[in-house]
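Participant: Sharing a sequence plus its predicted fold:
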Amino acid sequence: MLTFRPAGSRGHNNFGWLDTWHSFSFGEYHDPAHMQFRALRVINEDRVQPGQGFGTHGHQEMEILTWVLEGDLAHQDSMGHRRELKPGMAQIMSAGTGITHSEFNGSATDLLHLLQIWILPGTPNLTPRYQELAFPDPELRNRLRLIASPDQAEGSVLIQQDVRIHVARLDAGKTVQHTFRPGRHGYLQVARGALELNGRAMAAGDGAALTQEAAATLTATAAAEVLLFDLA
C-alpha cells in the first residue's frame with residue numbers, strides 16, 4: 001500500500017529568514033494524522049536566507065540527520081565541533097542524553113536549502129555523538145546509495161535505530177529499485193525533480209509511505225534527488 005503526502009499538504013511556516021515545510025508534526029504545526037511513520041519522526045525541508053539560521057538550542061533522545069541540497073551549512077555544537085556542510089555530505093548527531101548546537105547559512109549571498117530528519121533512537125540515554133561523511137556525486141548518480149545505517153554498511157554513517165537511509169540522484173529516464181525484506185516499511189521523500197514511484201507520479205516535496213510493498217521502483221521523469229527510508 002502506498003500512502004501519498006503531497007508537498008502542498010505539509011505543514012508550512014515562512015518567517016522571512018526561514019521558509020520551512022514539515023512532513024510530520026513539528027513546532028507550531030500539529031496534525032494528529034501526521035505525527036510520525038514508524039521510527040521516522042521529522043522531515044523538515046528548510047530554506048534559510050543568507051547569514052541567517054538557528055541559534056544555540058538543545059536536543060535529547062533523537063537521531064538527527066542533516067542532508068544539504070544547496071548552499072553551505074555552518075554547524076557548531078557542545079561537543080566542540082565547528083563544521084561546514086555542503087551538498088553530498090551526511091551529518092548525523094545522536095542527541096542522546098543531551099546536546100546543544102547552532103546551525104546557520106554560512107553564505108552571505110546564497111540561499112541554504114536542506115532536509116533535516118529526526119529518527120527516534122532504538123535505545124534511550126545514549127552518549128551524544130557526531131559523525132559526518134561526504135558522498136561524491138558519482139556514488140549517488142543513478143543508484144540508491146546507502147548513507148546511514150545501524151551497522152555502517154557500505155561506508156555509511158552510523159544511526160542508532162533499525163533504519164537504512166538511501167539517497168539517489170537520478171537523470172531523466174533512469175530507473176532504480178529497492179527491495180524490502182518481509183515486514184519492512186518504506187518512506188520516500190522527493191527532494192528535487194520528478195519521478196514515478198511504482199507507477200505513481202511524484203514531484204519535489206512529495207512523500208509516500210510504503211507498507212506491505214515488496215519493492216519501490218523509481219523512474220525519473222526529470223532529473224531528481226530522493227531519499228528512501230527502509231524502516232522496521
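Facilitator: Cool, got the structure.
Participant: what helices or strands is the lowest-mean-pLDDT helix or strand in the chain leaning on?
Facilitator: Across the helices and strands of the chain, mean pLDDT, DSSP states H and E gives its lowest value to strand 53-59, namely a mean of 87. Where contact means 3 or more CB pairs under 8 Å, 6 or more residues apart in numbering; DSSP states H and E, strand 53-59 is packed against strand 99-105. Heads up, the C-betas are built off the backbone N, CA and C, glycines and all.
Participant: Just the buried positions in the strand it packs on, please.
Facilitator: 99, 101, 103-105 (16 or more other CB atoms under 10 Å).
Participant: any idea how far the closest residue to Ala224 other than its chain neighbours is from Gly173?
Facilitator: Leaving aside its sequence neighbours, Ala224 sits nearest to Gly193 (CB to CB, 6 or more residues apart in numbering; 3.0 Å). Applying CB to CB, to the nearest Å, the value for Gly193 to Gly173 is 12 Å.
Participant: Mutual contacts of the two, please.
Facilitator: Common neighbours of Gly193 and Gly173 are listed as Ala220 (criterion: CB atoms under 8 Å, 6 or more residues apart in numbering).
Participant: who's more crowded, the two?
Facilitator: Taking neighbours as other CB atoms under 10 Å, Gly193 and Gly173 compare with Gly193 leading, 19 against 11.
Participant: Could you check how far the more buried one is from Ala204?
Facilitator: From Gly193 to Ala204 the distance is 6 Å (CB to CB).
Participant: Please apply the same query to Ser23.
Facilitator: 13 Å.
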